[in-house]
Structures are given as structure tokens and as C-alpha cells.
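J.: next one to model:
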Amino acid sequence: DELLVQYPAISLALSRTLSERLAQADQRFVERHLRRMSLLVGLSSKQLEDVSARLRPAKYRSGEVILTEGTPGDVMYLIEWGRVEVLSKTDGRSRVLATLGEGDFFGEMALLTGNPRSATVRAVTDVDLMALYQPDFDELVLKYPTLAVTLGRVLSQRLNRADEHLAGELAEVAAGVRAAPAQAGVRPRPRPGRAVVPATAAAWTVRPRVRQTPRLLPGATIKQGLENTAAWFALRSVGAKLRLVGVFLLFVWLCGISAPATVISAFPSDSLGDGALAFLQTPTATPTFTPTSLPTPTATPMPTDTPVPPTPTPQPVAIIPTDTPTPVPPTDTPIPTPAPSTDTPAPALPTDTSTPEPPTPTPVPAYDFVLAEGSPRRLEPCENEGGHHILINVVDAQGNGLPGIKLEVAWAGGSAEIETGNKPEKGPGFVDFPMYHGTYSVRVLGARSQVAEGITVDIDENQPCPATGNMQANSLYHFSYEVVFQRTY
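T.: Predicted coordinates for the structure are as follows:
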């Protein structure tokens, strides 16, 4: 316990190793036990884990009745270890129909048909069972079609064995009926009016007879087969009839629903294109679209940002006389001579327009919390007196303590989250953290913070305090540090 307290990394490693071993043990149990079950053949490891989560263990002693004929059923069982026998009452006495062992299952007929139990199941030896209830059974059969196919295959095999068993009993009964007259010693009486022929050797000579098998038409063969089947079915007990009806319904369900679903699910989803399952699609008439003439769209001119040249300032233009011949009337009136115009220069426009400079942005500090000067600081021997703590104080820009600030203390094996304000007697922004071994670092969470690093107690040195006479005020694993974080805004 002391090592776990001193070294948290050991506790984390032990927990991780224990979790891994438990997961491996569960996987080995699934592979060792469920792989042997005839009902679960063909399921993947992930599917077996899903089935295992739904099974409930059950145990019965030798001679105990597990299922009773005629009672309602909502659970089936898988045999993990031991043997059971299936019994059915016929003519007031119980007959053993089958004996089941490890890897077999029973009780499924009531879940499939919803009818009462058709047989009684009794433990021959001590048995360990795994129970699967009706809701989980229905969900698994719909979720994994492979399970339904395997269930149908096993039930078909059991039906074949039952047919062979019943055929053997019928043969024994027929042999007993044929042997009864011979054993009774009855001989036929002679009819009146007929002479009795003495039993001479010639009269009792056995002649070979050739037995000719009658040839039946196909229709007669089918009719005879149906009549024989109906007669055979009528001789069965009520329990046998219920089982046969259940197997027939299961066969119809497998062929009509489960098998098509299994075939469709075998195709990858990306390969089911437009024609991959054309045989399952109903042809529909494809609508024919008749093209309709539409008005031709007319491009509408959009306004563009065309630069407009500046309007020039009108300047006085000198009038230059041209040598146009003017008819001079024959008078002595003098012709006025135009005065020459003078070009007045236009005033120059100012070109160097001074633009006001934008204000200089206020510099944003790189950190929200910075370490105070000299921080972290290792305490002197007389300040420490054998302590092994990190003394942390978080203040604002004016030096006032800040409570409720979350900090992270990290070391090689993990980290811890602490909050200021747990030592109000020392200040609202104060908190301390004990150290045991290794090197630590401290930072403020949820903000841009500098990191206080290099905080260690692994210093093999003894420093005494003369004032108190403590010769190991600072020693191995007994050093303390002061860390001050200051907010920059």
C-alpha cells in the first residue's frame, strides 16, 4: 500500500494488466466453450461474444426434471457438460426419444412455435447448461441468418433420426402381427360340400412362385404415397404431431425468408448495382420524355465597374485666326485685326496628400499567466523544515490572489488537477501539493501559461537549519518549492 501511494504509476500499471488479463480470459472462455455448440457453428468470434453476453448459466443434478411436457416454454438450453434424456408419454408410459450430450441443445421447439413443451427433458448426469431466453433468441435469429440455417439443419437431422426410430418400431409391430397366427396353431376348417384332400407328399410340395410387382402409373404412385403418409401421421402421438408441424413451419420459414436473406447479404453492398439483383425486381414502365421547345434565354448585359476618367478642368484656348478668304466690299472701312490671346496656366493641383497613420496596436502578451521572477524557487532549510511540497500562489497583475484557478501538476507516471483557494489562511490564490519521488511540473489549465519545470525531490543532500538545530531540514525526498504565477492582464 505504501508503494502504491508513493508511486501512482504502479497502481495504473496493475489496473491495466488486470483488465487485459480479464479480457483475454473472457475470449478464451468463448473460444473454448461456445465453439463446441452445434447451434453456434459458423459464427465469428465477434458474433460469439454477442451470443455469450446473452447466455445465463444453469446447473441441474442427476435425475432432476429440466423441462416438463405440456408446460409453456420461454427458454431453451445449450449443454455445456453432462447428458440429458428426452422423454414422451405414449399410452400412459414414458418412452426415451433421444439422449443429448455436450454441445447439443433442447427446448427450441416451444420458442419457434409458441406451443407448450412437446416432451420432458430429464438430467441423466449432473449437467451444466446455458439458458437463452425468448427475446434474446428472436433477436439473434433475425440478426444472424447463419444461426437460423444451422438451427434448421440440426432439426432436420433430428427428424431423420426420429423417422428411422419410428420405422424400426413399425417393422417390429408388423413382424409381431405376422407371427401371431403361426404361434396360435390355428388351422383352416374345410368348407361344407368339399372333400378334404389328404396331406400327401405330392399335395404339400412347395412350388416356387414368381412374384410380379404391379406397375403403377405416376398418379397412382403419388396417391398411394399421400395415403400412406396420412395413415402414418394419424398413428403418431399428439406430441409427435406437434413436433412435425413445428419442423414443417420452420422449414417454410427458412426457405421463404431466411435463405433469401442469407443469399442477398452474401453480395457486397457496392456490387449491387442497377442490374445485380434484376431477378428480384419488378419491371416497371419507363416514362418517355417528349422534348418541348423552350424560349432561348437572352443574355442580359450586367453593369461592369468601368473606370470613369476624371473630368478635365476647362482651360482658356487661344483663338488662332485662319486664312479664310473674306470678300472685301469695295469700301474704305478698315478691317479690325484680332488681338492675340494669352495662355493663362492652370493652377497646379496638390499631389502629396498626407494620409493619417493608423494607431499602433496594443501588443498582446504571449501568455495569460507567467512565472514570477525567480520562480520556481527552492526553499531554504529553515523555511522548509523537512517538508516535501510545491507551494503555489496565483496572483493578478496587481499582485492580488486569484481563487478558483485550476492547475495541473504532472510527473513521469501521471498528473493531478488542483485548484487555488484551499489554504485561505495563507491567501486566496494559494494551494500546495505533496511530492514523494521524481520530477514535477506545474502549469495553469484553460489558459496560455508558462510551465514551471525541474521541480524535484530526488536530491541526495542533507542541509541543516542552525536556528532550530534540525540536521535534516532539507534531505533526500524532503525539499519544497515556491511557484508564483502572475496574470498578465
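J.: average pLDDT across stretch 431-440?
T.: Across stretch 431-440, pLDDT averages out at 92.
J.: quick check: end-to-end length of it?
T.: End-to-end distance of stretch 431-440 (CA to CA, to the nearest Å): 15 Å.
J.: so, low pLDDT: which residues of the stretch 351-489 of the chain?
T.: Scanning the stretch 351-489 of the chain for pLDDT under 70 picks out 351-358, 362.
J.: which residues of it fall in helices?
T.: All helices of the stretch 351-489 of the chain, identified by DSSP state H, counting those that start in this stretch, fall at 381-384.
J.: so for stretch 154-164, mean pLDDT?
T.: Per-residue pLDDT over stretch 154-164 has a mean of 79.
J.: please identify the buried residues of it?
T.: V154, L155, R158, A162 (16 or more other CB atoms under 10 Å). Every C-beta, even on glycine, is put in place using the N, C-alpha and C of the backbone.
J.: dump it to CSV, restricted to CA.
T.: Written as CSV, here are the backbone C-alpha positions of stretch 154-164 (Å, rounded to 0.1, in the frame of the first residue of the first chain):
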residue,chain,number,x,y,z
VAL,A,154,-29.8,-29.7,-36.8
LEU,A,155,-33.6,-30.1,-36.6
SER,A,156,-33.7,-31.9,-39.9
GLN,A,157,-31.1,-34.3,-38.7
ARG,A,158,-33.1,-35.0,-35.5
LEU,A,159,-36.2,-35.5,-37.6
ASN,A,160,-34.4,-38.1,-39.8
ARG,A,161,-33.3,-40.0,-36.7
ALA,A,162,-36.8,-39.9,-35.3
ASP,A,163,-38.2,-41.3,-38.6
GLU,A,164,-35.7,-44.1,-38.5
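J.: got a list of contacts for it?
T.: Applying CB atoms under 8 Å, 6 or more residues apart in numbering, the contact partners of stretch 154-164 are S38, L39, L97, A98, F105, E108, A240, R243, L244, V247, L250, F251.
J.: these, buried ones only, as a ChimeraX selection?
T.: Filtering these down to the buried ones (16+ other CB under 10 Å) takes a single ChimeraX command:
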select :38,39,97,98,105,108,240,243,244,247,250
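J.: which of the contacts of stretch 154-164 fall in helices?
T.: Of these, the ones assigned to helices by DSSP state H are E108, A240, R243, L244, V247, L250, F251.
J.: which single one of the residues you listed is nearest to G168?
T.: Ranking those by separation from G168, with CB to CB as the measure, puts A240 on top at 14.8 Å.
J.: quick one: pLDDT of that closest one?
T.: Per-residue confidence (pLDDT) for A240: 79.
J.: repeat that for P190.
T.: For P190, the pLDDT comes out at 49.
J.: for G401, give me its contacts.
T.: Listed by CB under 8 Å, 6+ apart, the contact set of G401 reads N393, V394, V395, T420, G427, P428, G429, F430.
J.: switch the cut-off to 6 Å
T.: Contact partners of G401, counting by CB atoms under 6 Å, 6 or more residues apart in numbering, are V395, G427, P428, G429.
J.: how many residues are close by the second one?
T.: This points to G427. Counted with other CB atoms under 10 Å, the neighbours of G427 add up to 17.
J.: contacting residues for it?
T.: So G427 contacts G401 (CB under 6 Å, 6+ apart).
J.: go again with 8 Å.
T.: Counted by CB under 8 Å, 6+ apart, G427 has contacts N393, G401.
J.: same thing with T68?
T.: Counted by CB under 8 Å, 6+ apart, T68 has contacts R117, T120.
J.: hmm, try it at 6 Å
T.: Applying CB under 6 Å, 6+ apart, we find T68 in contact with T120.
J.: how far away is it from S480?
T.: Counting by CB to CB, to the nearest Å, the gap from T68 to S480 is 76 Å.
J.: number of nearby residues for the residue nearest to S475 when sequence neighbours are not counted?
T.: Using CB to CB, 6 or more residues apart in numbering and skipping the chain neighbours, the partner closest in space to S475 is N462 (4.9 Å). A count of nearby residues for N462, using other CB under 10 Å, gives 13.
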